[in-house]
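Asker: Here's a sequence, model it:
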Amino acid sequence: MTHPRIVSIGECMVEMAPRDTAGVYSQGFAGDTFNTAWYLARLCPDWAVDYVTDTGVDPLSQQLAAFLVASGVGVDHLRTHPDATLGLYLISLHNGERSFAYWRGQSAARRLADDTARLDRAFAGADLVYFSGITLGILSQAGRHTLLAAVARAREAGAKITFDSNLRPRLWADVPTMCAAVMQAAGHADIVLPSHDDEAAFFGDADPQATLDRYRGAGVEDVVVKNGGGRIVFATAQNAGHFDPSPVTTIVDSTAAGDSFNAAYLAARLSGETQHAAVARACAVSARVIGGRGALIDPALT
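Answerer: This next block holds a predicted model:
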């Protein structure tokens, strides 16, 4: 049996996560599209999961490359720069909900879309290409154009394109520019995995169904609208439905809740499961992840 090849593209940063309430932090590596790649590699260890990003040549960048390899994530399309490094973020927690402080001015990943041929090589032969609104947000306008053109070529070659809108206005000149770029990206996607709270804040969606309808109206085949602990709605051209997640009694850290959800959903869908079954599986994985500290928590699937 031939296993799928997944290519995820974006920024991986140094993560400083609180280890306890005494101000002690643990260093790790995380970033939305990287988190999803990491979880895919854990959930589907026989699959080929590659990560496309740019790093520096400093010790932290070298540690990241080694961590990728140890995690089962491919590094053939990782590129280094002697004059740049990794971005860094620090997590603050309040009752399990997180906020972030960022240092990413020297992030090498901002250059990840400045070589068209490199992107084409990375996407060649992929069954699925995954990127996000953060991937777009760290790039220049020219870089976004280059990336979306490469995504379009990969789709024409047979890859399924998956996009998580991940709306982060601090990465953009203004909200209208962000929203326009997100909808342009969605127009290239087969699967879109937005979060309703973000979409309501910046697109004005009244409810998750409005978010779903907007992306389906843009031509997206497979849409799932994440909704925190609330009802999740989903649809394809053939079917529509909803799923009510079981309440999570203990939320330690909500970091990567959506990223792990995306990984489990994609793993299930690429394995032939229905949307409903895939959403149920994704909710179970996400619920376990938010019970631990930091972005990368072993889902311990059976």
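
Asker: CA only for contacts and neighbour counts going forward, please
Answerer: Fine.

Asker: if I look at the residue of the chain positioned farthest from its centre, how far off is I297?
Answerer: For the chain, the residue at maximal distance from the C-alpha centroid (Cα atoms, centre = their mean) is A22, at 30.4 Å. Using Cα to Cα, to the nearest Å, one gets 21 Å for the distance from A22 to I297.

Asker: now the helices: where do they sit in this protein?
Answerer: Along the chain, the segments classed as helices by DSSP state H run 32-43, 59-70, 116-123, 133-137, 141-156, 175-186, 196-203, 208-217, 257-270, 275-289.

Asker: where does the residue lying closest to R231 once chain neighbours are set aside land on pLDDT?
Answerer: The spatial neighbour of R231 that comes closest, neighbours along the chain excluded (Cα to Cα, 6 or more residues apart in numbering), is D244 at 4.6 Å. You'll see D244 listed with a pLDDT of 91.

Asker: Quick one: residues contacting D244.
Answerer: Contact analysis of D244 by Cα atoms under 8 Å, 6 or more residues apart in numbering lists G230, R231, I232.

Asker: Could you check how far the first one is from P299?
Answerer: Pointing back at G230 there. G230 sits 21 Å away from P299 when distances are taken as Cα to Cα.

Asker: More neighbours: these two, which one.
Answerer: In this view G230 and P299 are compared by other Cα atoms under 10 Å, and P299 has more residues nearby, 17 against 14.

Asker: Contacts only, for the closest residue to H3 other than its chain neighbours.
Answerer: In space, not counting the residues next to it along the chain, H3 is nearest to W47; the distance is 5.3 Å by Cα to Cα, 6+ apart. W47 sits next to H3, P4, R5, I6, A41 when contact means Cα under 8 Å, 6+ apart.

Asker: Next, format those as a markdown table and append neighbour count, distance to A282 and pLDDT.
Answerer: A markdown table is the format used below for these (neighbours: other Cα atoms under 10 Å; distance: Cα to Cα, whole Å; pLDDT from 0 to 100):
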| residue | neighbour count | distance to A282 | pLDDT |
| --- | --- | --- | --- |
| H3 | 12 | 20 | 88 |
| P4 | 18 | 19 | 95 |
| R5 | 18 | 20 | 97 |
| I6 | 26 | 17 | 98 |
| A41 | 22 | 15 | 95 |
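
Asker: OK, contacts around the closest residue to A218 other than its chain neighbours?
Answerer: Distance criterion Cα to Cα, 6+ apart; nearest residue to A218, sequence neighbours excluded, is G187 at 6.1 Å. Taking Cα under 8 Å, 6+ apart, we find G187 in contact with A218, G219, V220.

Asker: what's the answer for P45, then?
Answerer: With Cα under 8 Å, 6+ apart as the criterion, the residues that contact P45 are G72.

Asker: Over to S140?
Answerer: Under the criterion of Cα under 8 Å, 6+ apart, the contact partners of S140 comprise R110.

Asker: Repeat that for the one 10 residues further on.
Answerer: When contacts are counted by Cα under 8 Å, 6+ apart, A150 touches T116, L119, D120, F123.

Asker: Roughly how far does it sit from G10?
Answerer: Looking at A150 against G10, where the rule is Cα to Cα, the gap reads 14 Å.

Asker: How about the contacts made by M183?
Answerer: Here M183 is in contact with A218 (Cα under 8 Å, 6+ apart).

Asker: any idea which of the contacts of D244 is closest to L193?
Answerer: L193 has its nearest neighbour among the contacts of D244 in I232, at 10.8 Å by Cα to Cα.

Asker: and the gap between the residue nearest to R231 and D197?
Answerer: According to Cα to Cα, D244 and D197 sit 16 Å apart.

Asker: that older thread, closest one to A142 out of the contacts of A150, please.
Answerer: T116 (11.2 Å).

Asker: How about the contacts made by the residue nearest to that closest one when sequence neighbours are not counted?
Answerer: In space, and not counting its chain neighbours, T116 is closest to T146: 6.5 Å by Cα to Cα, 6+ apart. Counting by Cα under 8 Å, 6+ apart, T146 makes contact with A113, D114, T116.

Asker: Quick check on those: which are buried?
Answerer: Burial of the contacts of T146 was assessed by neighbour count (16 or more other Cα atoms under 10 Å); the buried members are A113, D114.

Asker: isn't N35 right up against D259?
Answerer: Yes: with the criterion set as Cα atoms under 8 Å, N35 and D259 qualify as a contacting pair; they are 5.9 Å apart.

Asker: Narrow the contacts of W47 to those in strands?
Answerer: Using DSSP state E to define strands, the subset of these located there is R5, I6.
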